[in-house]
Every structure is written in C-alpha cells, then in structure tokens.
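[1] need coordinates for the below:
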Amino acid sequence: MNMNATNTYLAVFLGSKTSPKMVAWQALPEKEQEARKQQGIAAWKAWAEKHQAAIVWMGGPLGKTKKVSQRGTEDVSNEMGAYTVVRADSHEAAAKMFENHPHFAIFPGESIEIMPVLQIPA
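    Have a look, this model is predicted:
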C-alpha cells in the first residue's frame, strides 16, 4: 500500500492480558461475556461508520508476536491488540476520534495510542 503520510496517524490499541479489567472480563459468566462482546462489536461498527471518511485502513486485531533481533527470532508478548490508520487535520483531532472508544469503554482494553506517520527522509 502506498500512502502519503501527511496528516496520517497510526492508532495502536493496547491492553494487558493480566490487567484488572481483563481479569474481571474473564470472570464474567459466558452468557454475559458474549452479550458484552456483541454490544462491543456493534459499538465498534458504529464508531467505524461515524469516522468512515477519516479511516485510511481499518486495520484489525493483531496475533501472536515474533521478535527478530541480532539474537535471532523469539516469541514475545506485548500489549498491542489491534491497529487502525486514520487521517485528521491534527494529532489532537486524530486522538479525539478515539475518545470513549469501545476498545476500553466496553471491551477490557486499556488505551489507544495515536502517533503521526512521518515521511521517510530523502
């Protein structure tokens, strides 16, 4: 995908597998967990529809992580759970899009970090 980085922001959805929110979520009865999941999916779709014009790449959930370094390749765990790419007039405007997002308002996610995508230096 070739995209111009101007006014483009990467949103990374974060959440710990051991956070109090996740522990409480996992302790819910299966029926309650499923009901909240359906509510969260509906709210996430509504969020995406509301911000459709700004979404460059909806992204999606992230799977297991492999880390590659000089030591080789290893399986690691981190708090990244999903990502989305949006366009906005400013960093603040991009962040505002994610206020009260279902990731943490309904689901047991903890936060969303939004950062500008910078141009590759010539």
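[2] so where do the strands sit in the chain?
    8-14, 55-61, 65-69, 72-76, 80-87, 111-116 (DSSP state E).
[3] quick check: which of the ones you listed is nearest to Ala27?
    In terms of Cβ to Cβ, the element of the strands of the chain nearest to Ala27 is strand 80-87, at 19.2 Å. Where you see a C-beta, it was placed from the backbone N, CA and C, and this is true even at glycine.
[4] list the buried residues of the longest helix seen in the chain.
    Looking across the chain with DSSP state H, the single longest helix is helix 30-50. By neighbour count with 16 or more other Cβ atoms under 10 Å, helix 30-50 contains the buried residues 40, 43-44, 47.
[5] quick one, what contacts the residue most central in space within the chain?
    Residue closest to the mean C-alpha point of the chain, counted by Cα atoms, centre = their mean, is Phe13 at 2.6 Å. Going by Cβ atoms under 8 Å, 6 or more residues apart in numbering, Phe13 touches 80-84, 103, 109, 112.
[6] quick one: which of those is nearest Ile120?
    Among those, Tyr83 lies closest to Ile120 (Cβ to Cβ), at 19.1 Å.
[7] how close does the spatially closest residue to the closest one that is not a sequence neighbour sit to Ser90?
    Nearest residue to Tyr83, sequence neighbours excluded (Cβ to Cβ, 6 or more residues apart in numbering): Gly59, at 4.1 Å. For Gly59, the distance to Ser90 equals 21 Å [Cβ to Cβ, to the nearest Å].
[8] cool, Thr6 as well?
    Separation of Thr6 from Ser90 (Cβ to Cβ): 12 Å.
[9] Ala105 touches Ala43, doesn't it?
    Yes. With contacts counted by Cβ atoms under 8 Å, Ala105 reaches Ala43, the gap being 7.3 Å.
[10] which stretches of the protein aren't confidently modelled?
    1-5 (pLDDT under 70).
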